[in-house]
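Colleague: Got a predicted model here, sequence first, then my questions.
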Amino acid sequence: MQQQSSVGTRSLSASRAEMSEILMPNDTNNLGRALGGRILEWMDVCGAIAGRRFAERQVVTASMDHVDFLAPIDVGDVVTVEAYVFDTGRTSMDIKVDVTAERPSEGDRRETLTSFFTFVALDDDEKPVPVPDLVCDSQEERELRDSALQKRREHRAALAEEFE
Ligand SMILES: CCCCCCCCCCCCCCCC(=O)SCCNC(=O)CCNC(=O)[C@H](O)C(C)(C)COP(=O)(O)OP(=O)(O)OC[C@H]1O[C@@H](n2cnc3c(N)ncnc32)[C@H](O)[C@@H]1OP(=O)(O)O
């Protein structure tokens with residue numbers, strides 16, 4: 001059984017973060033499509049905001065899972081990044097980050113990529129510090145947590161199979 005955190009509990013909703021950007025020419029490659037690295041940067045920042053909200057501490061990125069770019073994002077698209085904490089360790093938080101893209105003239109919204117990050121909370125001396133335990137008070141929160149745990153398991157199993 002996981003030990004209870006010495007800093008109490010916090011809800012999944014308290015961590016939720018969302019940000020939108022318009023893909024500008026500076027964010028694109030020579031084909032006018034999103035630079036993968038720019039999207040990863042926005043995911044990192046949105047994940048860090050979720051982690052910071054949850055831990056109420058400064059946080060650093062410890063790891064990012066494999067990412068697949070499922071659909072192109074074109075210049076002028078509105079890119080929305082959403083993140084929430086779905087699991088915690090002693091000082092670490094697992095955060096799901098989803099990216100969708102939307103062409104305003106067409107009104108569609110496409111899922112373009114998802115990844116799972118681990119952030120670690122730091123104290124004032126920049127040493128890992130305990131985070132609150134995650135609690136899911138509503139059905140919606142439980143579903144978000146369970147779907148993230150399940151997706152990450154599937155994601156990792158598929159990768160393990162691919163590299164066997
Ligand atoms: C209210 C809203 C305000 C918002 C306001 C703005 C918000 C803010 C915006 C900032 C926007 C920029 C956000 C970008 C964030 C960066 O880009 S940070 C820069 C990139 N990252 C780094 O430089 C981190 C470098 N690595 C390190 O410093 C250390 O390796 C770490 C990650 C702190 C771990 O330290 P350590 O000495 O290994 O510590 P250790 O006690 O062994 O492990 C601590 C925990 O880390 C875990 N861990 C260690 N390595 C790994 C790994 N590779 N993978 C997974 N977990 C790991 C361990 O499992 C352990 O977890 P727990 O069991 O405690 O849960």
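Modeller: That came through, no problem. Here the structure is a predicted model, which means the values were calculated and not measured. Residues are numbered from 1 along each chain as shown.

Colleague: Is it correct that F86 is in contact with I95?
Modeller: Yes - if you go by C-beta atoms under 8 Å, F86 and I95 touch, sitting 7.1 Å apart. Placement of C-beta: from N, CA and C, glycine included.

Colleague: So if I had to pick from these two, which one is more boxed in?
Modeller: Neighbours per residue (other C-beta atoms under 10 Å) separate F86 from I95, with I95 holding more: 30 against 24.

Colleague: show me the contacts for the more buried one.
Modeller: Contact partners of I95, counting by C-beta atoms under 8 Å, 6 or more residues apart in numbering, are 15, 47, 50-51, 83-86, 116-119.

Colleague: Near the ligand, list only the ones from the residues you listed.
Modeller: Residues of these in contact with the ligand (C-beta under 6 Å from any ligand atom): T118.

Colleague: Can I get the contacts of I95 in JSON lines including secondary structure and pLDDT?
Modeller: Shown next, in JSON lines, are these (DSSP: H, G, I helix; E, B strand; the rest coil; pLDDT from 0 to 100):
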{"residue": "S15", "secondary structure": "helix", "pLDDT": "98"}
{"residue": "G47", "secondary structure": "helix", "pLDDT": "98"}
{"residue": "A50", "secondary structure": "helix", "pLDDT": "98"}
{"residue": "G51", "secondary structure": "helix", "pLDDT": "98"}
{"residue": "A83", "secondary structure": "strand", "pLDDT": "98"}
{"residue": "Y84", "secondary structure": "strand", "pLDDT": "98"}
{"residue": "V85", "secondary structure": "strand", "pLDDT": "98"}
{"residue": "F86", "secondary structure": "strand", "pLDDT": "98"}
{"residue": "F116", "secondary structure": "strand", "pLDDT": "97"}
{"residue": "F117", "secondary structure": "strand", "pLDDT": "98"}
{"residue": "T118", "secondary structure": "strand", "pLDDT": "98"}
{"residue": "F119", "secondary structure": "strand", "pLDDT": "98"}
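
Colleague: Perfect, that will be all.
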